[in-house]
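>>> Fold the following.
(one chain, ligands or ions: 2)
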Amino acid sequence: MQTQPPTPGIPIVVSGPSGVGKGTLIAEVMKLCPGLILSVSMTTRLPRPGEQEGVNYFYVTKERFREAIENNEMAEWASVYENYYGTLRRYLNEQFEKGLDVILDIDVQGAAAIRTLYSGAVLVYILPPSMEALRRRLYSRPKSEHDDLESRLQQARREMRFYGVFDYLLVNDKLEEAVQNLNHIINAHRLQRRRLEAALQKQNLLPGLSSE
Ligand code: ADP
Ligand code: 5GP
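Ligands and ions are numbered 1, 2, ... in the order given. Below you'll find the model as predicted:
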């Protein structure tokens, strides 16, 4: 792969209905894309079987979550399926300063908030090939006894109406194809002029922009 000069990182937001395959796609694309880090969110929901503290989420009480909101620690947060979920501001900014792109698996409200905070963010919405496939995937996944799968399906239909805030729509039908497409989206954004020009000017590979 061609070496690019270091530039501040960007948020890459991946949203879509619960069970559509966001976690699976993200895990696969991270194997293909160096310089990508997954944002670990804070949540008040209980861990599912196999999930780990600090890997899947930081699991906290509602009191701790409310305190973080009051202290302005959250870049964004939302109440989803009766629990709080949110992204820590400090965590994101530390990664961007290191030049890492941060991939966020967050809901549509969070996606809109990230776009407002970081104008260079890339927003990708994942769609299922059909509602039947979505239902099958949702039911096949390890779940906590507290997950209400039918309300997640209803929520999915409501949430899909907000697709208009996203830059890209990606149907996750054949996994391999969807992974490749997500990889292409990320790589294209890494090559955008506005992202690269300052670093390339510093290296004298580009002239400064002149008004002539
Ligand atoms: P999400 O993170 O969006 O809630 P997951 O990544 O947990 O979804 O995926 C839900 C289920 O669907 C998992 O069992 C996963 O293996 C499966 N899955 C993901 N993508 C595909 C695909 N393209 N085809 C078939 N099954 C898939
Ligand atoms: P789950 O309980 O299946 O892990 O996640 C439920 C929903 O919460 C998913 O739509 C997921 O994208 C969203 N979510 C997870 N973390 C965050 C976050 O930090 N902020 C927001 N706004 N949504 C999140």
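
>>> In stretch 165-184, which residues are buried?
Buried residues in stretch 165-184, defined by neighbour count with 16 or more other C-beta atoms under 10 Å: 166, 168, 170, 172, 178, 179, 181, 182, 183. Quick note: C-beta positions are derived from backbone N, CA and C, even for glycine.

>>> Output those in JSON lines, with distance to residue 112 appended to each entry.
Below are the buried residues of stretch 165-184 laid out as JSON lines (distance: C-beta to C-beta, whole Å):
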{"residue": "166", "distance to residue 112": "9"}
{"residue": "168", "distance to residue 112": "15"}
{"residue": "170", "distance to residue 112": "18"}
{"residue": "172", "distance to residue 112": "21"}
{"residue": "178", "distance to residue 112": "23"}
{"residue": "179", "distance to residue 112": "25"}
{"residue": "181", "distance to residue 112": "23"}
{"residue": "182", "distance to residue 112": "20"}
{"residue": "183", "distance to residue 112": "24"}
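
>>> OK, contacts around residue 56?
Residues counted as contacts of residue 56 (C-beta atoms under 8 Å, 6 or more residues apart in numbering) are 40, 47, 48.

>>> Now the second one: closest residue in space that isn't a chain neighbour?
Spatial nearest neighbour of residue 47, excluding adjacent residues (C-beta to C-beta, 6 or more residues apart in numbering): residue 59 at 5.8 Å.

>>> Surely that neighbour touches residue 53?
Yes. Using C-beta atoms under 8 Å, residue 59 is in contact with residue 53, at 5.8 Å.

>>> okay, and the common contacts of those two?
residue 47.

>>> who's more crowded, the two?
A side-by-side neighbour count of residue 59 and residue 53, using other C-beta atoms under 10 Å, places residue 59 first with 16 against 11.

>>> quick revisit: could you pick out which of the buried residues of stretch 165-184 are near ligand 1?
172, 178 (C-beta under 6 Å from any ligand atom).

>>> Which of the buried residues of stretch 165-184 fall in helices?
Within the buried residues of stretch 165-184, residues falling in helices by DSSP state H are 178, 179, 181, 182, 183.

>>> Span of stretch 18-25 from start to end?
As for stretch 18-25, its first-to-last residue distance stands at 13 Å under the measure C-alpha to C-alpha, to the nearest Å.

>>> let me redo that: stretch 33-47
By C-alpha to C-alpha, the extent of stretch 33-47 from end to end equals 28 Å.

>>> swap in stretch 29-44?
Termini of stretch 29-44 sit 27 Å apart (C-alpha to C-alpha).

>>> ok, back up a step: which of the buried residues of stretch 165-184 lies closest to ligand 1?
Ranked by distance to ligand 1 (C-beta to the nearest ligand atom), the buried residues of stretch 165-184 are led by residue 172 at 4.7 Å.

>>> Contacts only, for that closest one.
16, 20, 21, 25, 126, 127, 128, 129, 178.

>>> Which of those fall in helices?
Those of those lying in helices (DSSP H): 25, 178.

>>> Name only those of the contacts of residue 172 that count as buried.
16, 20, 21, 25, 126, 127, 128, 178.

>>> Show the backbone phi and psi for the nearest residue to the third one once chain neighbours are set aside.
Spatially, and ignoring its direct neighbours in sequence, residue 21 is nearest to residue 172 (4.4 Å; C-beta to C-beta, 6+ apart). When read as degrees, to the nearest 10, the backbone of residue 172 gives phi -90, psi 80.
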